[in-house]
Each structure stands twice: as C-alpha cells, then as structure tokens.
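Asks: Next one to model:
(chains A and B, ligands or ions: 3)
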Amino acid sequence: MLIGIDVGGTFTDGVLFNDGEIVTSVKKPTEEGNLKNSLLQVLDELMVKDDAANIKRIVLSTTLVTNLLATGRGEKTALVLLPGYGLPHDSYDITEDIYFLKGAVDFRGREIERPDNKEIDLLLDWIKSSGSNRIAVAAKFSNRNNVHEKLIKNRILEECDGVHVSISSEISAKLNFPRRAATTYYTAMTISPWNRFVDEIEAALNDRGIEAEVQVLKADGGTIPLQASRSKPCETVFSGPAASTMGGLALTLDDLNSVVVDVGGTTTDLSLIIAGEPLYASRGAVIDKKLTHVNSFAVSSIPLGGDSVITTKGVQPYRIGPAACFGGEKPTVTDAFNIHLNLNLGDVSKSEISMEEIAAHKKMDMGQLCSQIVADVTKRLFSAIKEMFLQWENEPAYKVWEVINQRKFTPDRVIGIGAAAPAMIPALAELMQVEYFIHTYSPVANALGASVVRPTLTVVLHADTQSKKYTLDPGGKTGELEKPKSYQLNHAKDMALQHLLTVGQELGMEDYTADCEFFLEEQFNMIRGWDRVGKLFEVGIQVAPGFIKEFKGVKI
Amino acid sequence: MKPTGILFFPAFDWAISPTHPEREERLLYTRDQIFEEGIMDLPQIKEYKPGLASLKDIARVHFCVPDVEAQITEAHLVSAGSALVMADAVMKAEVKNGFAIIRPPGHHAMTVAHGNRGFCNINNEAIMVEYLRQKYGLKRIAIVDTDVHHGDGTQEIFYHDPDVLFISFHQDGRTLYPGSGFTEEAGGPLAYGTTINIPLLPRTTDTGIHYVLDHLVMPILDEFKPDIIVNSAGQDNHYSDPLANMAFSAQGYARLNETLAPDIAVLEGGYSVESALPYINMGIIMAMAGIDYSNLKEPDYNPSRLKEPGGNMERIYKIVDTQLKTFRNREEVIEKNRRSGELFKSSREHIFYDTDYINEDQRNELRLCPECGGFRVIISTAQHPNGKRYHIACVQLPIFACKSCQEQARDAYKTFNNSTYDMVYLQDRVKDQYKSIITRTGEERVL
Ligand SMILES: [Zn+2]
Ligand SMILES: [Zn+2]
Ligand SMILES: [Zn+2]
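Replies: Numbering: from 1, shown residues only, chains lettered A, B, ... in the order given. Ligands and ions are numbered 1, 2, ... in the order given. As a prediction, the model looks like this:
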C-alpha cells in the first residue's frame, strides 16, 4: 500500500493506492494554522482502510515552507554577503539588512582579494551583541571556491555559541550569486520550523506504529527522504503544483505534449509536459518575488478557479464556498459552465436559480450571460497557456544547434486535474482545438501523483585541469584532480556518476540511481598563446522525475 | 524606464579552428561572470533569444562568391540574426537600448566576400544597418567602431554612403592589422567626411580615448544627427589583450558607453578572454542599463601602471583638430567632386584575406551622380582556396539612389549578363531585390 498526501492551500487530499487502483481517497479543508493536524487527520482516515504494517511508503507534499516565507514568518536571519567586484551593493535587495564583507574569488576559483580579519571581528561582535542566531553566508563564485564562506562559518561557530550558519556553496553550485544567496537565506530562515515539523511528523507516525519509508515531495517533482529534507527545507516549496503535474503524467504515461490544467477552488495552475517530460522553470522557483536556485516545474498560476464567485461585475478572484449546484450560496464559475454546457453537475436547478439573479440584475438573458462567462474564462486560460508556450519557445540559447533547431510547442492534449476540471476543461480543449483527458481520479490526481513518484537527484561536477581542482554538487565538495594532464570527459563523467551513486546511497535511493542520465556535458579547451594549457569540464547527471518501479499506470 | 536588451550568444559550439582566438572558449568566462552576477535577473535587463538572419539579409550587403551559402556557416546566420533581433527590440521600443554579445564577429568583412578576413565572413553591423533602413525606413546612421583594429570592412561598405557616418578609433595601422584606417581615408568622392579615422599610438589609455570621444566623436555625432547610433563594440583596446597593445580598462569601456549612449552595441573583437572580456562586458551592460559601475574592476587593475605615452596627447589634439575639419568641410568637398566633370570615378583595390589566404583584385566604378551618392560597379577577381578562380561583376544600387542611377544600374546588370564574367550580381536595395546569375548556364537567382 502506498500513501500520498498533498496539503494544499484550501484542501488536503490523500489517497491510499495499491496495485494500480485508489483504495480510498480523502479530501479535507486545510486548517491554515495547523498543517500537521490536517495532514494527520487525512492520514488517519486513510488508515481506517488498512493496517499500519501494510503501508510501504508515504509521500507528503506540504505548503509549510511556502507559507512561512510568503507570510514572513520565517526565523529572523542575518545575511552576510561577499560580492567582491561588479554590481553595486545596493542591487542586492534580498532583505533590508545585509552585512557586506570584503573578499573575492573569480570564475576560476582564484582568490583575488582576501577577507579582512578586522571586518570579520566586527561581524562577530555584531552577532554577539545583536543576538542573531541564524546566519546565511554567500560569496560570489563560492561555487568555484568556497574558502571564504568556510572561513567565515568556522570563525562564527568557534566564537559564537548557539548560532546556526548556512553557506551558499553547500546549498547550490549553480552560477547566479543573488539566487544562491536568496536560497541560502530562505533555507536559514526555515530550517528550524521545518525541523520541528519533521520531528512532529516522525513522532506522530511512531505513535501510529507506522514504519513505512516517508518521503517529502520537492518542487522538481521528485521525492527526498523526510530525514534528508531537514537540511533542505526550500526544496519542498511549490510541491503542490508538482504533485498535480506528476499526477497528470501518472494518469497518462505517454509521450504526448500536454497542458496540465489543475482547476482548484480559486486558482488554476498550468504546467506543460513536453514529449512526456515535465517542463522546468528555467530560472528556478520564485519565492517571495525573488528568483532562487530551487529546481521547480514551470507553473503559471491564474487567480481563477471553479469556485470563483460571479457577481454582477463578473468573475471575482475569491471564493465564498462551493458552487451553488453543490450546495453553495453564491453562483460560481462552475455554475455558469454547468448551465451553458448542460453538464448535469450536482443540482442544476440551484445553478440556474443563482445565475438567474445575476442575469436579472444585468437585464440579460441567463443563457447569454453563462455563455459569455464561459467564453471569458476559457479565453483567459488559453491566453495564459499560449504565454507559457511562447516563453518556452523564447528561452535563450547559447549554441548554434539550439538556435537552428527552433523550438515549437504544439499541444496534443489538455489534462484536467482537480474537482472542478470536468466543468471547465472540455470547453477549454474545444477552444484550443485539442482533445482533453479527464479521469475518475482527476479530483485527487495530486495526491495520487505524490504517492507514486520516485526520488530525484541531480549532481554537477565542475573540473579545471589547469588549477587541478574540482567541485561537486550537492554538498559543495571540493578537491584536487589526481591526474589532471590525462583527465578527459570520460573521467569527469565517471566522477559525477560516482558522486551520484554515493549520495544516492546516503539517500536510500539505490533502486533508482541506475536510471540516471547525463543532461550536461560541457568541455572547453583553455588556450593561452597557441597552446592548450588545460581543460574545463562541467558535467551534470540526474535521476529525473519519474515513478517508482511498482507503478505501472492506473488500472481504470 | 525601459530595460536594456541583452542578447548573449557565445556560440559554444563554433570555432574557426581549435586554437584560434575565435574559439569556443572566447565568451566562456564572460558567461560565468554575467550569470554569476545575476545581471539578467535585474528589472533593468531583458534577455533576448538569438535569431536567424535570412540569406536575403546577407545579400542586401554582400556579394558572396559564388553564393551566400558558400561564405557562411549556421553560426554566421545566428550571429547576424541576433544583431537583427536586438535592432527589432530597440525599434519596437521594447527596450531603451540593446547589446548583442555575439560571435562570430564581422567588422573586417567587406562588400565582396570571397572568404574570411580578420576572423570575419559577413558584416553584422552592416547587415543590421541595411535591415533597419528597409524595415523601419531609417536613413542616417552612425557607426562608432571602438575595436582596437580598424573596422576596414564596415568602412569599405559605407565608404560611398553620405548617410552613414563611420567613425573608427584604433591602434595605428602601421603597428597593427589590418594596416589601414589613416586620417586620409575620409570617404568616397560623394561621401567625403562621413568616414572618420582616428589612428592612436600603442599604449593609449582611457585618458586619450576619452579625449577623442568628448572632443571629436560626440561633437560630430551632435552635428550629424543620426537616427540611430551603433557601437561596433570590440574589446581589444584592453591593456591585457594578447593581439594588440593598447591600455584601455573596463571602467574606460563602461564610461565610453555611458558617454556614447549607443542605441545598439554589437560585440566585435576582444581576445583577452579571462582578464578582460568578463569585466568589459559587465561594464558595457551596466553602463547601457544605467547601473552604477563604480564597483567594477579587473582583478589586476592598477591605474598607476597605465600612463599615456609621452607626447601622445599632443598628437591626439592634432588628430582631433584635423578630423573635425574633415567632417565640417565635407559638403564643400563633395560639391567640388560632383562638379569635376567626370561621369565615373574609378579606383583599384587589392584585398588580402588573412584567414583564408586569398588575394582579391578589384576595380571600382562609382557614378558621380549629380543628384545622389551614385551607384557602384565592382569587378573582382580572386582564386579561392579550392583552386577555383572567380571573375565577377557586381552592381550595387543604394537604397536612396535617384531614378537615373536606378535605370543605369539595372541596365548595367543586363549588359554584364552577356559577358565573360563567371558571375554577375545586382544588389537592388531600392526594390529590395538581390539577383545573381551564373553566366555559363544563364541560371539566375533572385533573393
Ligand atoms: Zn576601431
Ligand atoms: Zn579587433
Ligand atoms: Zn543618382
């Protein structure tokens, strides 16, 4: 038995899944102040149908970290930056108080300016006097050489008690210092609330005698063991939309171009599946309006859902309750679709009564009013979808072949997810002139997706045979190359693979590391004068998003 | 405030040869620097995707021998096409200005293209200028070539065009490739004074270049009143460049672009791939986007080491004086040339293609038209590396040519068709139509 639980903004969904079928599913309103409760309530209801001993794996998706950051309830954290030379300091607007230090490293990892010990002393005094106990440290090009970040971390740990320090080279090895700094800052802010949450979940599972493996869903559509997530809380943001996208993929399992449309109560999330593979946000997840290095699906959120209320002024971006046909008080988008398309959802007469009032107010024929609303809503969704295609097609390219083989996205299908999907998706598909796919499991596809996705892992190696150094991500591992003169691409690929296997083992994902694939193989000759003085390699290998071995699709 | 457009196309899969200065590695550290700075994420910047130039865009400027396909690789189509993407973004006012950080470069490529000269096959800026004129009806354009090498290709292409002001400062041609760009090269008889060369002595620093900018380039631009200013933005004036001997800094380049305020900058040369390019490119982007660049410097920057060579400033004052006069006397000189009584002005040129080792002989005939800048006939002969020898006739009709030049040029193309040339070309920019004919078979191609 597998369990998937998605704690969303409005509802918490859970499924108990076995052998291609959902054994039972639960949907509960989310208690905003107590996500743990919502999660455990759903878990307990699912468990009614089965024994703790039969549960093999539980995957959780939660908005905890997203909420903490969006509402500014993360822990107070001091950000220390070593930006060296380049942009002016006032261009770093991650937070208001930033402590700037001297010290610089270049793109080859060479030290070009030493940190100033007196400045560091002043920083330590300030930490002690201000009582800051969360510090995030980020240096430009620390992904090529983290000597300065480590120095500062060690000084703080040696001289200040009870302070937790996060350094950016351990969070991400990708280029883009402001994003790395933001990701480190957000990690430092949420690491202890997230750890408390993990503690509580572990205790609760213990109480229930559940010994199943527990995984957390990440924004990249893969899972990470609950334990391992302790040091990477930011990876868990936006896992809800990832759950839906993976749910759409789980229900179809083919390599068509699909638009996944997750119609929620007040928002609709759009994501793209291109030839069977979910599309990533090329610039990383945006948290609190800042770009980060959190790998996330490209999701476009539109403030428009099945429960969006209709007033005389049109469709409103908020929810009061369910659609009138499902017992709600006010007419909603679902009611308009229900009438216009004869969908026979719930009590159609309730839809009609509620819409009639608005039509009378506007001195319009009700049929006409509904048809106008349907046209408006589908048009808005379609234009947001087209905007996504366009954005993907217009991604920058840095190689000739990428430009010559121009990208073009032609959708084959719309996959409808969420309870309100049956109302809105057919009309949208008709407007787009593609087929649509809605499944009996569509209302809980997010939880279903969560229950069957496999772990993901991305490893990147940067090696420089002239300086004889390499760095490995994740973990910010650095070292000396053994035989730099004879070092070739195959050696670089081998090192990256070995790191993937090692980290994979630490994460208990040995079953999936065999499915890894190289997604980045860059090599450059370094020529000085007319001679080759070395080579630069950047190699990436990953276990991409996918499904656990026992999942072979849904049976119905 | 509108953002600055950036199009970064490093062509990581293209090189002239593995150890050539124009190799994959050239913009690698620039990529590292601008990506690590995260400058593309700033609201002041909008990043653009590369585009593809069409064969017609190239034929609008070049007579490619025997045809466009023979002279380019896909990388050239992307590089030129990317300049056009940047131009479109500026013209559609999506951005306030734009910088195309692209390769391969183009400013040594001339009108007739037999092969690669000075790392260039086709001229990105010239292709962009004629595109802007066709598509947006621009007329007056200024190109300021800030590369250390004389932009001899761009100069030759616009040498007879009174509506394109070409200004190039560069290391003196007696000390550096391509050996041209002296003050006497001031434009053809009907376009005199709109080619302005400023040869500078080796080791000229920020001080010298900024004097030229403030006292010559900017005043001339003010008087010329171009519709658009293009910076042919080479970065090899830098003190660390391995192919030249100047002493310009990243700060100097940033200030240059702040002062010049080009609408579009297009990367040309610059081969100090680690010590200069990452910082200069940052500096240009920041200056164009109005971002404070005072915190930018090269790791080894030491202003006390960079001093103007003795007597250099005096020499620069003189050149500035001379060239201001050249520019201001231009209309007078042109009138005199027009009244010379000659119908055609002919000249002979020898052009050497250093990369491909081709020797080209040219005869140029310019019509001394009483009404316009005249049309031009080029007879060119060259042996290609494959052993094939080409003897061709090219008729070039500028976009603003008068009626009588139009008729004469089109007639000339017809007359040449029944002759002994291997290929005959007509570049009819008035009709935006580009014809070529293989005389042996009579096969004509129209782009
Ligand atoms: Zn120049
Ligand atoms: Zn140059
Ligand atoms: Zn004329």
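
Asks: Kindly report the residues of the stretch 51-200 of chain B close to ligand 2.
Replies: B:147, B:149 (CB under 5 Å from the ion). Using the backbone N, CA and C atoms, a C-beta is placed for each residue, glycine as well.

Asks: Torsion angles phi and psi at the residue in the stretch 51-200 of chain B that ligand 3 sits nearest to?
Replies: Closest residue of the stretch 51-200 of chain B to ligand 3, CB to the ion: residue B:190 (9.1 Å). Torsion angles at residue B:190 (phi, psi; degrees, to the nearest 10) stand at phi -100, psi 10.

Asks: Strands of the stretch 51-200 of chain A, residue ranges please.
Replies: Applying DSSP state E, counting those that start in this stretch to the stretch 51-200 of chain A gives strands spanning A:57-62, A:78-82, A:98-100, A:104-105, A:111-113, A:134-139, A:164-167.

Asks: For the shortest one, which strands pair with it and how are they oriented?
Replies: On the basis of DSSP bridges, the sheet neighbours of strand A:104-105 come out as strand A:111-113 (antiparallel).

Asks: what does the stretch 51-200 of chain B have sitting close to chain A?
Replies: Taking CB under 8 Å from any CB of the partner chain as the criterion, the stretch 51-200 of chain B approaches chain A at residues B:51, B:52, B:73, B:74, B:75, B:78, B:81.

Asks: Kindly reformat these as JSON lines containing secondary structure and neighbour count.
Replies: Converted to JSON lines, these look like this (DSSP: H, G, I helix; E, B strand; the rest coil; neighbours: other CB atoms under 10 Å in any protein chain shown):
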{"residue": "B:51", "secondary structure": "coil", "neighbour count": "20"}
{"residue": "B:52", "secondary structure": "coil", "neighbour count": "17"}
{"residue": "B:73", "secondary structure": "coil", "neighbour count": "15"}
{"residue": "B:74", "secondary structure": "helix", "neighbour count": "15"}
{"residue": "B:75", "secondary structure": "helix", "neighbour count": "23"}
{"residue": "B:78", "secondary structure": "helix", "neighbour count": "27"}
{"residue": "B:81", "secondary structure": "helix", "neighbour count": "25"}
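
Asks: How about the contacts made by the closest residue in space to residue B:18 that isn't next to it in sequence?
Replies: Spatial nearest neighbour of residue B:18, excluding adjacent residues (CB to CB, 6 or more residues apart in numbering or on different chains): residue A:525 at 6.4 Å. Contacts here follow CB atoms under 8 Å, 6 or more residues apart in numbering or on different chains; on that basis residue A:525 touches A:532, A:535, B:18, B:19, B:23, B:24, B:25.

Asks: which SS class is the fourth one?
Replies: Reducing the assignment at residue B:19 to three states with DSSP: H, G, I helix; E, B strand; the rest coil gives coil.

Asks: Need the pLDDT of residue B:397.
Replies: According to the prediction, residue B:397 has pLDDT 98.

Asks: Could you identify the most distant pair in the residues of the stretch 51-200 of chain B next to chain A?
Replies: Pairwise distances across these (CB to CB) peak at 16.0 Å, for the pair B:51 and B:73.

Asks: What's the local residue count around the nearest residue to the residue of the stretch 51-200 of chain B closest to ligand 3 once chain neighbours are set aside?
Replies: Of all residues not flanking residue B:190 in the chain, residue B:373 sits nearest, at 4.9 Å (CB to CB, 6+ apart). The tally of other residues near residue B:373 (other CB atoms under 10 Å in any protein chain shown) stands at 24.

Asks: can you check residue B:308 too?
Replies: Quick note: residue B:308 (other CB under 10 Å) scores 17 neighbours.

Asks: so it sits right up against residue B:209, yeah?
Replies: No. Here residue B:308 does not reach residue B:209: they are 10.1 Å apart, not a contact under CB atoms under 8 Å.

Asks: quick revisit: how about the strands of the stretch 51-200 of chain A, which one is nearest ligand 2?
Replies: strand A:111-113 (26.6 Å).

Asks: In contact with residue B:9, which residues are there?
Replies: Contact analysis of residue B:9 by CB under 8 Å, 6+ apart lists A:397, A:398, A:403, B:50, B:78, B:79, B:82, B:100, B:101, B:102, B:103.

Asks: Any of those residues buried? List them.
Replies: A:397, A:403, B:50, B:78, B:79, B:82, B:100, B:101, B:102, B:103 (16 or more other CB atoms under 10 Å in any protein chain shown).

Asks: starting at the chain centroid, how far to stretch B:178-186?
Replies: Distance, stretch centre to chain centre, for stretch B:178-186: 15 Å (CA atoms, centre = their mean, to the nearest Å).

Asks: go on, stretch B:313-322?
Replies: Averaging C-alpha positions (CA atoms, centre = their mean) puts stretch B:313-322 24 Å from its chain's average.

Asks: same question, stretch B:300-308
Replies: Its chain's C-alpha centre and that of stretch B:300-308 lie 30 Å apart, by CA atoms, centre = their mean.

Asks: Between the two ends of it, how far is it?
Replies: One end of stretch B:300-308 to the other measures 18 Å (CA to CA, to the nearest Å).

Asks: What of stretch B:10-24?
Replies: 8 Å.

Asks: How far does that stretch sit from its chain's centre?
Replies: 21 Å.

Asks: What average pLDDT does it get?
Replies: Mean pLDDT, computed over stretch B:10-24, is 92.

Asks: and what of stretch B:160-179?
Replies: For stretch B:160-179, the per-residue pLDDT averages 97.

Asks: Any residue of it touching ligand 3?
Replies: No. Stretch B:160-179 stays out of contact with ligand 3 when judged by CB under 5 Å from the ion, the minimum separation being 11.3 Å.

Asks: End to end on that stretch, go ahead and measure it.
Replies: End-to-end distance (CA to CA), stretch B:160-179: 21 Å.

Asks: in that stretch, what's buried?
Replies: Buried residues in stretch B:160-179 (16+ other CB under 10 Å): B:160-173, B:176-178.

Asks: Can you list which of these are found in strands?
Replies: By the criterion of DSSP state E, membership of these in strands covers B:164, B:165, B:166, B:167, B:168, B:169, B:170, B:171.

Asks: filter those by proximity to ligand 1?
Replies: Filtering those for neighbours of ligand 1 using CB under 5 Å from the ion leaves B:168, B:170.

Asks: Could you single out the nearest of the ones in strands among the buried residues of stretch B:160-179 to residue A:251?
Replies: Closest approach to residue A:251 among these (CB to CB): residue B:164, at 61.1 Å.

Asks: does residue B:101 belong to a helix or a strand, and which?
Replies: strand B:97-102 (DSSP states H and E).

Asks: Can you list the neighbours in contact with that strand?
Replies: Contacts of strand B:97-102 (CB under 8 Å, 6+ apart): B:4-11, B:27, B:30, B:48, B:50, B:78-79, B:82-83, B:85-87, B:89-90, B:124, B:233, B:261-267, B:281, B:284-285, B:288.
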